[in-house]
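> this is a predicted model, with the sequence first.
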Amino acid sequence: MVETIVSLELAVDERLVIKKNRLTPVNISGKEKRICIVTGLHGDELEGQYVCYKLIKEIRENIEYLNGIVDIYPSLNPLGIDSIHRGMPTFDLDMNRIFPGSESGAMAEHVAAKIIEDIYGADMCIDLHASNIFLREVPQVRVSEHIKDKLVPYAKLLNMDFIWVHPETTVLESTLTYSLNNKNIPTLLVEMGVGMRITKEYGDQLVTGIFNLMKELHIWTGKVTPVRQPIISTEKEVNFINAKASGIFMPSVKHLSEIKKGERVGEIFSSLTGEVEEQVISPCDGVIFTLREYPVVYEGSLIARVLGGAK
Amino acid sequence: MRKEILYTLKSPHRDDMRVTGYKFGKGEKTACIVGAIRGNEIQQLYTCSQLIKTLTKLEQKGAISRDREILVIPCVNPHSMNIGKRFWTMDNTDINRMFPGEKNGETTQRIANGVFEQVKNYPFGIQFTSFYMPGDFIPHIRMMETGYQSPSLANLFGLQYVLIRKPKPYDTMTLNYNWQMWEASAFSLYTNATDQIDEVSAKHAVVAVLRFLTRMGVIKYNSHSGYIASVLKEDDLLSVKTTAGGIYRRLKNPGDGVERGDILGEIIHPYEGTVKEQIISPTDGIIFFAHKSPLVMENVVLYKIIRRLHE
């Protein structure tokens, strides 16, 4: 059943409406567990669109196996998605930096508070992101260090290639994921693919993982496919490779490929002089889990992240 | 006056981006003034240009104190300014949410770091800045409540108001916050314009800075004494929000005194021209902030009023 969780009047003959689709078992006991799948907080991230569609379709076709409530929020920033705008149009701050928001706050803070209010009480939440237009990410779950013991066991069920346990930073305290975890709703932040595109195989991979997670939570009783074992960052060092020169980047490796220390990740060249400005070299043996997608780079642009080397 | 290039970023296709500083006096680093960090901060750029013009004359007259150095950086982001974009040209990140920056980080982290390394050792830091909502303020000094803030020093600018804001997580990466963390006395000076030039307000801002520098013994400049500021906390301001979307007719301006029940503005039906909503003042007080954009949606902050303060 499609429900409206936020409705605000816009200036000219339109409303800002945020909707969710609630899928429920045929017979409801009132004691069902609830999982929320949220996406589209950044308007340029579309990977979640396919995941929502596929999940709804598979649940509907096998509704007899549904034993809990699945709330799917495909578009938390509908104006942004519609206008290819990462943030919320007319609002300066990143929407994922204003949580938990405030019911009595200004427009965006009010929207944030309504989203939290609607998710509140869920047993699990997946906050699905898709990098941005600049970087392609392998399917991964990002977990803040301080709650890794609680979340990593769930993250392992999601059929992702990688779990990145990262240090906590103050600025991330205002994200949706942090706010929900802070309210005791286990929330997994998924990053995969690239902005403005849909990578079908990643979507299928995650849907398999979500069914597996739902089975573990007794929300799904149907058969599930065995999931892959993710690499976990706590065992290795995450190395960032940033451009030392400005120019055009062309990769010479594939995403998720293994690389040796000193091997070439790609090159940055000048399209004016025909010169190679920088040979981009891997600082360690490892696996490339983030790779530059957008070719134009400035000094400092992130080229790749490599998981490898002793911690 | 010495003009120096403080930071250079090579662009793949455009001219290099140069952050230029103007130094006055010699000896101990004493005060640093930073202008536009965002590409639409035209008023902040203009105000700095007028400050540089005045300081140049004062230096020629020998009015800079011995062993005192002042640095003025009129623009941190000329690349965005030249294409009419508020945030960074390529990835739309906000340089003023990247401090203290990172030498080997992403492009805007590098710019922030390049600038911060130049400004961090000045014990007085003044930034001309703009708000994240479109609107006008009464000119004031704004400080973050970090434990290092000093309202008595802020009073020396001689502006009518000093506002103290409790930092939110997203504030922790601004220049003002990080200046304070570096134990500088940091002040953000808000004039009542951003993307348009307001000559009167710019002049007041220049005089306020010169007054402060004179009172701190950095320069000799005779001006009237200004005001003894009212020190406000952000929580003291009452937000007045819309309950409908439409065309906004502003009837009160920053600095206007209002009484409870006064009509502050109207929301006009965008097609039919009728008044959909009257914005009524819920309190006696003085308008501190007034929204500017002619189209508004529901739940937008139109005014912030200093409660129970009279003209």
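Everything's here; your move. Worth saying up front: this structure is predicted, and the values here are computed from it rather than measured.

> give me the phi and psi for residue A:56.
Per-residue torsions, residue A:56: phi -60, psi -40 (degrees, to the nearest 10).

> I'd say it and residue A:72 touch.
Yes - using C-beta atoms under 8 Å, residue A:56 is in contact with residue A:72, at 6.1 Å. C-beta here means a position set from N, CA and C on the backbone, and glycine is covered the same way.

> joint contacts of the two?
A:21, A:23 (C-beta atoms under 8 Å, 6 or more residues apart in numbering or on different chains).

> quick one: which of those two has more around it?
When residue A:56 and residue A:72 are compared for neighbours, residue A:72 comes out ahead with 23 against 16, by other C-beta atoms under 10 Å in any protein chain shown.

> name the SS class of the more buried one, please.
Three-state assignment for residue A:72 (DSSP: H, G, I helix; E, B strand; the rest coil): strand.

> list the contacts for it?
Residue A:72 neighbours (C-beta under 8 Å, 6+ apart): A:20-23, A:36-37, A:52, A:55-56.

> the residues you listed: which ones sit near chain B?
When C-beta under 8 Å from any C-beta of the partner chain is applied, no member of these is adjacent to chain B.

> which one among those residues gets closest to residue A:114?
residue A:20 (11.2 Å; C-beta to C-beta).

> burial count for residue A:286?
Counted with other C-beta under 10 Å, the neighbours of residue A:286 add up to 22.

> list the contacts for it?
Counting by C-beta under 8 Å, 6+ apart, the residues that residue A:286 touches are A:236, A:239, A:258-259, A:306-309.

> got TSV for the residues you listed, with distance to residue B:303 and secondary structure too?
Below are the contacts of residue A:286 laid out as TSV (distance: C-beta to C-beta, whole Å; DSSP: H, G, I helix; E, B strand; the rest coil):
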residue	distance to residue B:303	secondary structure
A:236	54	coil
A:239	50	strand
A:258	59	strand
A:259	57	strand
A:306	52	strand
A:307	51	strand
A:308	55	strand
A:309	55	coil
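
> filter these to the buried ones?
A:236, A:239, A:259, A:306-308 (16 or more other C-beta atoms under 10 Å in any protein chain shown).

> tell me which two of these sit farthest apart.
Spanning the widest gap among the buried ones among the contacts of residue A:286 are A:236 and A:259, at 13.0 Å by C-beta to C-beta.

> before we move on, the earlier item: now, which of the contacts of residue A:286 sits nearest residue B:120?
Closest to residue B:120, out of all of those and judged by C-beta to C-beta, is residue A:239, at 27.7 Å.

> rewinding a little: which among the contacts of residue A:72 gets closest to residue A:10?
For these, the nearest to residue A:10 is residue A:20 (20.0 Å; C-beta to C-beta).

> so what's the residue count around the closest one?
23.

> immediately after the helix or strand encompassing it, which helix or strand?
Assigned by DSSP states H and E, residue A:20 falls within strand A:15-23. Of the helices and strands lying after strand A:15-23 in sequence (DSSP H and E), the nearest is strand A:34-39.

> buried ones in that following strand?
A:34-39.

> and these, which is closest to residue A:144?
For the buried residues of strand A:34-39, the nearest to residue A:144 is residue A:38 (17.3 Å; C-beta to C-beta).

> pick out the lowest-pLDDT one from the buried ones among the contacts of residue A:286.
The lowest pLDDT within the buried ones among the contacts of residue A:286 belongs to residue A:236, with 80.

> contacting residues for the closest residue to that one other than its chain neighbours?
Computed as C-beta to C-beta, 6 or more residues apart in numbering or on different chains, the closest residue to residue A:236 that is not its neighbour in sequence is residue A:307, at 5.0 Å. Residues counted as contacts of residue A:307 (C-beta under 8 Å, 6+ apart) are A:162, A:231, A:233, A:236-239, A:286-287, A:289.
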